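Asker: below is the structure, and that's it, no one-letter string:
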């Protein structure tokens, strides 16, 4: 578990995508220029946070099969701002969607860093890459191909990042090209990170079977213990079989410094049946989580030293989750949280970033 315990991400790629592949809705629409109403051919239309997408034809029209439930659909085109909207698929039946994209001004597009980067920018870029992707800044498996387009500056103790064009990220560890339109990014020197992005995934083509097998292995490893894995296990009543232990995070008997002592204490018991319930009308689930919880995932050992850890000798991955607000929370059948900023994660799950994330339509093969 990494050092900062209170990092959390406002990620649109974690927006609900309700990937129920037992049923899909065919949606139709078009993508046009907001000012001229001209069609935008070959624009990308996609389910945010997934590898589900298509492109428009010469007339700017598209058709796309999307899973039932609440979904976030995005549209992008070179030289235009990426946009997205949330829909209930039942509302899209026999309806034509229109995405109106606004062209980015030439002045903004031409803002490039010319000549050599300053040493300060390079230091700031390493910080940005580490915090945005969640990986070591020197890891060559992860490259931001158009990093020169990123503007970085400090405001007091906060690093701010901006980029007019979508970031193109090559993730050779998991085998994806990740296209992410960065809306907001801030990193504070106390370790807090917040960012907002509209992201989609495109699988890379493996050079050989060995590389494909490595990606399958790495994807499985990335999924196990992830927020999606936890929430999906909760929905399917598989927390125990999937090696998740969950208790209340309460001040009662807080002098107990051993997680397993708390696990056997009635004061920390949690009735999970009261927390998650199906919203069958919208093919999703209500998540009634209004107080903090603690989670230990026994599927992975974690020996990373961390002086801020609540349980000094805990040898498994540990996470604390607390509500950020009192608004209603939902889960898709694939374990995605909506709204993504409604919960704050600290610990292992709080360290998940774009570089360690999988598309929402990823399915774990239990036979592997």
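Answerer: That came through fine. Worth saying up front: this structure is predicted, and the values here are computed from it rather than measured.

Asker: use CA for all of it now, contacts and neighbours both
Answerer: Will do.

Asker: next secondary structure after the helix or strand of the chain with the lowest mean pLDDT?
Answerer: When the helices and strands of the chain are scored by mean pLDDT, DSSP states H and E, helix 106-109 comes last with a mean of 61. Proceeding C-terminally, helix 106-109 gives way to helix 119-133 as the next helix or strand, assigned by DSSP states H and E.

Asker: packing partners of that next one?
Answerer: Contact partners of helix 119-133 among helices and strands, from 3 or more Cα pairs under 8 Å, 6 or more residues apart in numbering; DSSP states H and E: strand 151-155.

Asker: mind listing what's buried in the strand it packs on?
Answerer: By neighbour count on 16 or more other Cα atoms under 10 Å, the buried set for strand 151-155 is 151-152.

Asker: just the angle between that strand and helix 119-133, please?
Answerer: 100 degrees (axes from the mean of the first three to the mean of the last three Cα atoms, to 10 degrees).

Asker: contact partners of strand 151-155?
Answerer: The list of residues contacting strand 151-155 from outside it, by Cα atoms under 8 Å, 6 or more residues apart in numbering, reads 121, 124-125, 159-163.

Asker: mind checking the pLDDT average for it?
Answerer: This predicted structure assigns strand 151-155 an average pLDDT of 93.

Asker: what pairs with that strand, parallel or antiparallel?
Answerer: The pairing partners recorded for strand 151-155 under DSSP bridges are strand 158-162 (antiparallel).

Asker: pLDDT on the strand it pairs with, on average?
Answerer: 96.

Asker: and that strand, which residues are buried?
Answerer: Applying 16+ other Cα under 10 Å to strand 158-162 flags 158-162 as buried.

Asker: any chance of CSV for these, columns distance to residue 37?
Answerer: Written out in CSV, the entries for the buried residues of strand 158-162 read as follows (distance: Cα to Cα, whole Å):
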residue, distance to residue 37
158, 39
159, 38
160, 34
161, 31
162, 28
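
Asker: flag the shaky bits of this structure, pLDDT-wise.
Answerer: Within the chain, the set of residues satisfying pLDDT under 70 comprises 1-23, 106-117, 251-254, 303-309, 366-368.

Asker: how is it divided into domains?
Answerer: Annotated domains of the chain cover 20-108, 119-203, 209-356 [automatic domain parsing].

Asker: now distance to residue 365 too, for those domains, in JSON lines please.
Answerer: Listed next are the domains of the chain as JSON lines, based on distance: least, Cα to Cα, whole Å:
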{"stretch": "domain 20-108", "distance to residue 365": "15"}
{"stretch": "domain 119-203", "distance to residue 365": "15"}
{"stretch": "domain 209-356", "distance to residue 365": "8"}
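
Asker: any idea which element residue 143 lies in?
Answerer: Secondary-structure assignment from DSSP H and E places residue 143 in strand 142-144.

Asker: roughly how far is that strand from the heart of the chain?
Answerer: Strand 142-144 has its C-alpha centroid displaced from the chain centroid by 17 Å (Cα atoms, centre = their mean, to the nearest Å).

Asker: neighbouring strands - and their directions - for it?
Answerer: Strands that pair with strand 142-144, judged by DSSP bridges, come out as strand 167-171 (antiparallel).

Asker: which other residues reach the following helix or strand past the strand it pairs with?
Answerer: Scanning forward in sequence from strand 167-171, with DSSP H and E defining helices and strands, the next element found is strand 176-188. By Cα under 8 Å, 6+ apart, the residues outside strand 176-188 that reach it are 82, 128, 131, 157-171, 193-204.

Asker: any of those buried? List them.
Answerer: Looking at those with 16+ other Cα under 10 Å, the buried ones turn out to be 82, 128, 131, 158-171, 193-202, 204.

Asker: can you give me the helices for this structure?
Answerer: Using DSSP state H, the helices of the chain run over residues 106-109, 119-133, 209-223, 227-235, 259-263.

Asker: mind giving me TSV with these and columns for distance to residue 358?
Answerer: Conversion of the helices of the chain to TSV gives the following (distance: least, Cα to Cα, whole Å):
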stretch	distance to residue 358
helix 106-109	30
helix 119-133	12
helix 209-223	7
helix 227-235	9
helix 259-263	30
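
Asker: most tightly packed of the ones you listed?
Answerer: The highest mean neighbour count among the helices of the chain, using mean count of other Cα atoms under 10 Å, belongs to helix 227-235: a mean of 21.

Asker: show residues contacting that helix.
Answerer: Contact with helix 227-235 is made by 223, 239, 242, 244, 272, 276, 285, 331, 333-336, 349, as judged by Cα under 8 Å, 6+ apart.

Asker: before we move on, back to that, check the buried residues of strand 158-162 and tell me the two furthest apart.
Answerer: For the buried residues of strand 158-162, with distances taken as Cα to Cα, the pair at the greatest spread is 158 and 162 (13.1 Å).

Asker: one step back: in terms of distance to residue 75, which of the buried residues of strand 158-162 ranks first?
Answerer: Using Cα to Cα, residue 162 comes nearest to residue 75 of the buried residues of strand 158-162, at 19.5 Å.

Asker: isn't that closest one up against residue 128?
Answerer: No - with contacts counted by Cα atoms under 8 Å, residue 162 stays clear of residue 128, the gap being 10.7 Å.
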